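[1] dropping a prediction and its sequence here:
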Amino acid sequence: AQKITQTQPGMFVQEKEAVTLDCTYDTSDPSYGLFWYKQPSSGEMIFLIYQGSYDQQNATEGRYSLNFQKARKSANLVISASQLGDSAMYFCAMREGGTSGTYKYIFGTGTRLKVLA
Amino acid sequence: DAGVIQSPRHEVTEMGQEVTLRCKPISGHDYLFWYRQTMMRGLELLIYFNNNVPIDDSGMPEDRFSAKMPNASFSTLKIQPSEPRDSAVYFCASSDTGTWTYEQYFGPGTRLTVT
């Protein structure tokens, strides 16, 4: 069964520090994708970063990087140089490829990050 | 390029009334998803479509919920009759499997309150 686990319901980080948000996943499909989304208090869901199961290198997007450890089935999000605007809920998600060409996504429960001035 | 459009943004209705939520996906996207978000249950996938065809509706909570996608640019999620426990934010999202990542683009959501 597909599963995404985010064990940190809430986290604090000091401004300008780096922070790691944890995500583990479980799938038997060899082809899958991992995503991180940000949901600020305004409510919209913003795509941050993607990692494919066959990608050899960890994904990076500006201050965001994804620490992909395939054997451990973890896909942690690292935010460097935290800013006050990074305060938000962060969701880890997985897309699993279907044998019939259909795809399904599941989301974790989220981690609420608060950046302190 | 316009993003995913949802209407209405806010809906307040009385228990027992019919509610229809609308979504216009990004042009060219072949997948459309409906999610429900609550504090208690988080983000739940209700149903998704591929090329206007419903693929998986196992997340639809009850027969009171129905979704349609009559064409590539429009989808509706209907609740009839509505109940207070249906109060939530409903998101529509679309994705394009012609891209490498298939990331989902979310609409702004519809905040539904059933009194």
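    Looks like it came in fine. Everything quoted here is computed from the prediction, not taken from an experiment.
[2] let's see stretch A:60-67 as PDB, backbone CA atoms only.
    Below are the C-alpha coordinates for stretch A:60-67, written out as PDB (Å, rounded to 0.1, in the frame of the first residue of the first chain):
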ATOM      1  CA  THR A  60      17.700  21.400  -5.700                       C
ATOM      2  CA  GLU A  61      15.600  24.500  -6.300                       C
ATOM      3  CA  GLY A  62      17.100  27.700  -5.000                       C
ATOM      4  CA  ARG A  63      17.100  27.400  -1.200                       C
ATOM      5  CA  TYR A  64      15.300  24.100  -1.300                       C
ATOM      6  CA  SER A  65      17.000  20.700  -1.700                       C
ATOM      7  CA  LEU A  66      15.600  17.200  -1.400                       C
ATOM      8  CA  ASN A  67      17.800  14.700   0.500                       C
END
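[3] touching that stretch from outside, list them.
    A:20, A:34, A:36, A:48-51, A:58-59, A:74-81 (Cβ atoms under 8 Å, 6 or more residues apart in numbering or on different chains). In short, each C-beta sits where N, CA and C put it, glycine included.
[4] when you filter these down to buried only, what's left?
    A:34, A:36, A:48-51, A:59, A:74-79 (16 or more other Cβ atoms under 10 Å in any protein chain shown).
[5] mark which of the contacts of stretch A:60-67 are part of strands, please.
    The strands, defined by DSSP state E, take in A:20, A:34, A:36, A:48-51, A:74-79 from those.
[6] first vs last residue of stretch A:49-60, how far apart are they?
    With Cα to Cα, to the nearest Å as the measure, stretch A:49-60 spans 7 Å from end to end.
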